[in-house]
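Q: Based on what follows, work out the 3D shape:
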Amino acid sequence: MRETTYKGATIMALGHDGFRIDISEPQVSFAFDPYDLTGEVTPVDFVFVSHSHFDHCDVSSIRKLLGPKSRIIAPQCCHGELQEFANQLDIYTGPDKITIGKITYWAIPAYNVDKFRTPNEVFHPKELGGVGFVVEIPIEGSKNLRFYHAGDTDLVPEMEEVKKIDVAFLPISGTFVMTLDEAIKATELIEPDLAIPMHYGKILGSVAEANRFQNLLHDKTTVAVLSTESI
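A: Residues are numbered from 1 along each chain as shown. A predicted model of the protein is given here:
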């Protein structure tokens, strides 16, 4: 399936690491790492970009999601790629929580520890400055909703700081990010109410692997497999 609902939020897969979240009350919408979008799409209020690689910082897809008042939130490593959006771009330098409009957000470092491009170079070095984002939405009469999009990362010590997460988007495909087993360990560490696997389908990995992630966690965590791809 492509979308699911969670406590008033509609969560839609955009493919790869991309997701769109629409919340009815308070009315707010945001997207993470849109990539390779096709066709007409409705603008969102916020676009979060985890790092500068082409399959996350996709200018053409970001452009499709922008309305006149939309904001792009990205780390410093994306500044060059996103210069054309200067009037709508907020570069997050951390570490503080930022409240803008109806959301509060902050970042968790995202990087590799053992996924190597060369014997001495990982695909996502910590120095690149890639991040995962936690986005918090205040819900009247209830506890705040927290979404965590991990970005391209391994299971890193900073994930121990990720608490009280309602929905966690976690990469599972290995090679450039956590393996399936590492993603399961991350889920057990973070303890989200709902886990959604990502980083499969468009470039590497498959829906079958996402289904395996769901099956292996079936007695521990609710998992929704959302995809634009077929098995």
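Q: can you tell me which residues contact residue 124?
A: 51, 53, 110, 111, 112, 115, 130, 152, 153, 176, 177 (Cβ atoms under 8 Å, 6 or more residues apart in numbering). In short, each C-beta sits where N, CA and C put it, glycine included.
Q: same thing with residue 155?
A: With Cβ under 8 Å, 6+ apart, residue 155 has these contacts: 113, 178, 182, 183, 185, 186, 189.
Q: closest to residue 93 among these?
A: residue 113 (23.2 Å; Cβ to Cβ).
Q: three-state assignment of the closest one?
A: Three-state call for residue 113 (DSSP: H, G, I helix; E, B strand; the rest coil): coil.
Q: again, but for the one 4 residues further on
A: On the three-state scheme (three-state DSSP), residue 117 is labelled strand.
Q: Tell me how many other residues surround it.
A: By the measure other Cβ atoms under 10 Å, the count of residues near residue 117 is 12.
Q: Neighbours of the closest residue to it other than its chain neighbours, how many?
A: Once flanking residues are discounted, residue 117 sits nearest to residue 123: 5.1 Å by Cβ to Cβ, 6 or more residues apart in numbering. Look at residue 123: counted by other Cβ under 10 Å, it has 17 neighbours.
Q: is it true that residue 123 touches residue 114?
A: No: counting by Cβ atoms under 8 Å, residue 123 does not reach residue 114; the two are 10.3 Å apart.
Q: From residue 170, how far off is the residue most central in space within the chain?
A: Nearest to the geometric centre of the chain sits residue 149, at 3.0 Å (Cα atoms, centre = their mean). Going from residue 149 to residue 170 by Cβ to Cβ, to the nearest Å gives 9 Å.
Q: what pLDDT does residue 224 get?
A: According to the prediction, residue 224 has pLDDT 98.
Q: where do the helices sit along the protein?
A: 59-64, 180-190, 207-216 (DSSP state H).
Q: closest to residue 82 out of the ones you listed?
A: helix 59-64 (7.2 Å).
Q: May I have the closest one exported as PDB, CA atoms only?
A: Only the C-alpha atoms of helix 59-64 are listed here, as PDB (Å, rounded to 0.1, in the frame of the first residue of the first chain):
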ATOM      1  CA  VAL A  59      15.700  19.900  -6.500                       C
ATOM      2  CA  SER A  60      13.100  19.100  -9.100                       C
ATOM      3  CA  SER A  61      11.000  17.100  -6.600                       C
ATOM      4  CA  ILE A  62      11.400  19.700  -3.900                       C
ATOM      5  CA  ARG A  63      10.200  22.400  -6.300                       C
ATOM      6  CA  LYS A  64       7.000  20.400  -7.000                       C
END
